[in-house]
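Participant: Below is the sequence, then the predicted model.
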Amino acid sequence: MSQQLVVGIDIGGTNTKFGIVDRRGNILCDGRMLTNKHEDVNCFLDELHQQLSGLIAEVGGIENIKGIGVGAPNGNYYNGNIEYAPNLRWKGVVPLASLLEKKFGLPAVLTNDANAAALGELIYGAARGMKDFIVITLGTGVGSGIVANGQLIYGHDGFAGELGHIIVIPGGRYHPGTGAYGSLEAYASATGVTNTAIEFLATRPDVPSIMREHTKEEINSKLIYEAAMKGDPLAMEVYEFTGQILGAALANFVMFSSPEAIILFGGLTQAGDVIMKPVREHMEKNLLPIFQNKVKLLFSELKESDAAILGASALAWEMKD
């Protein structure tokens, strides 16, 4: 039987999602597991193999699978390695593609998780028909995939497009994963938003907030989102501040590659207009007139897990037989 299916795997700092995908982009079956439960990548691969084997059996066995595509933090498309990922417990260089090939007996290809999401948007999502766009993933970290002239930008070494690590506030908030001060990820990720809320609760005692009923340890991005949806003044200030920083950063990205659209996806986008309004305002405010009111700011049309799985699967379809 011809190999009509591929495996798409999205490895995030917290969760790993995976699915089996057909050529039309239908995810036939999927699953998820905790990434950060495993300090040793081999233990992670054992659990992944156990879970995926069941799904592969459901679709008729391994002979129906063409290959495996993976999106992972600091995934290098050229050599198949995860290299020094700040938000993973596996340190140094992890030859993930070759480890997967040995484990499953299938060819495997790897890219950065945000690049995989950009491929997913290009083929199945909001960027269909576009040749120039940027995807920004707002999750545990801040990732980006840049498409220019219809090509995903990898750079000479496979690591182009680490926009989450640009410095937005020189000498600003410390990022424990990278050692940088003032990077975008330290402010616009779920962790960054949580840290902003904790700071504001301490430094803005006059601003009322239902979040004051919680301990510092209980504050997280979900709680902040729920408070903002109830119109909580401090939570709204957190989103306004985050939108200001993210919007100014997006203006810089626009002036670099002049994209038709910037597509945001990830947990932070659930806040809708509460985050989008300040982002759009501060992006436009920081653009030169030649760029203003030209760039679409969109939320992903794909379910968060689907975009990365579909993008990773697109890599597998591109592999030569």
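Facilitator: That came through fine. Numbers count the residues shown, from 1 in each chain.

Participant: Quick check: Lys285 touching Gln244?
Facilitator: No. Counting by Cβ atoms under 8 Å, Lys285 stays clear of Gln244, with 9.3 Å between them. C-betas here are computed from N, CA, C, even on glycine.

Participant: so where do the strands sit in the stretch 101-250 of the chain?
Facilitator: 108-112, 133-138, 142-148, 151-152 (DSSP state E, counting those that start in this stretch).

Participant: winner for burial among the ones you listed?
Facilitator: Mean neighbour count (mean count of other Cβ atoms under 10 Å) peaks for strand 133-138 among the strands of the stretch 101-250 of the chain, with a mean of 29.

Participant: ok, and for the longest helix seen in the chain, which residues are buried?
Facilitator: Longest helix in the chain by number of residues, with DSSP state H as the criterion: helix 233-257. Within helix 233-257, the residues that count as buried by 16 or more other Cβ atoms under 10 Å are 234-251, 253-254.

Participant: so where's this structure shaky on pLDDT?
Facilitator: Counting by pLDDT under 70, the chain contains low-confidence residues at 1-3, 305, 320-321.

Participant: Outline the domain layout of it.
Facilitator: Using the TED database, the domain parsing of the chain gives 5-121+305-318, 129-300.

Participant: who touches Ile262 in this structure?
Facilitator: Residues near Ile262 by Cβ atoms under 8 Å, 6 or more residues apart in numbering: 133-136, 250, 253-254, 295-298.

Participant: Now render the residues you listed as JSON lines, adding distance to Arg173.
Facilitator: Formatted as JSON lines, these follow (distance: Cβ to Cβ, whole Å):
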{"residue": "Phe133", "distance to Arg173": "29"}
{"residue": "Ile134", "distance to Arg173": "23"}
{"residue": "Val135", "distance to Arg173": "24"}
{"residue": "Ile136", "distance to Arg173": "19"}
{"residue": "Leu250", "distance to Arg173": "19"}
{"residue": "Phe253", "distance to Arg173": "20"}
{"residue": "Val254", "distance to Arg173": "24"}
{"residue": "Val295", "distance to Arg173": "27"}
{"residue": "Lys296", "distance to Arg173": "30"}
{"residue": "Leu297", "distance to Arg173": "24"}
{"residue": "Leu298", "distance to Arg173": "28"}
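
Participant: wait, doesn't Ala249 sit right on Ser183?
Facilitator: No. Counting by Cβ under 8 Å, Ala249 sits too far from Ser183 to count as a contact (9.9 Å).

Participant: Please identify every residue contacting each of those two.
Facilitator: Shared contacts of Ala249 and Ser183 (Cβ under 8 Å, 6+ apart): 166, 168.

Participant: follow-up on the earlier one: looking at the domains of the chain, which one is packed in the most?
Facilitator: Buried most deeply of those, by mean count of other Cβ under 10 Å, is domain 5-121+305-318, with a mean of 20.

Participant: how long is it end to end?
Facilitator: With Cα to Cα, to the nearest Å as the measure, domain 5-121+305-318 spans 12 Å from end to end.

Participant: Tell me how far it lies from the chain's centre.
Facilitator: Relative to the centre of its chain, domain 5-121+305-318 is centred 14 Å away, using Cα atoms, centre = their mean, to the nearest Å.

Participant: ditto for stretch 302-312
Facilitator: On the basis of Cα atoms, centre = their mean, stretch 302-312 sits 10 Å off its chain's mean C-alpha point.
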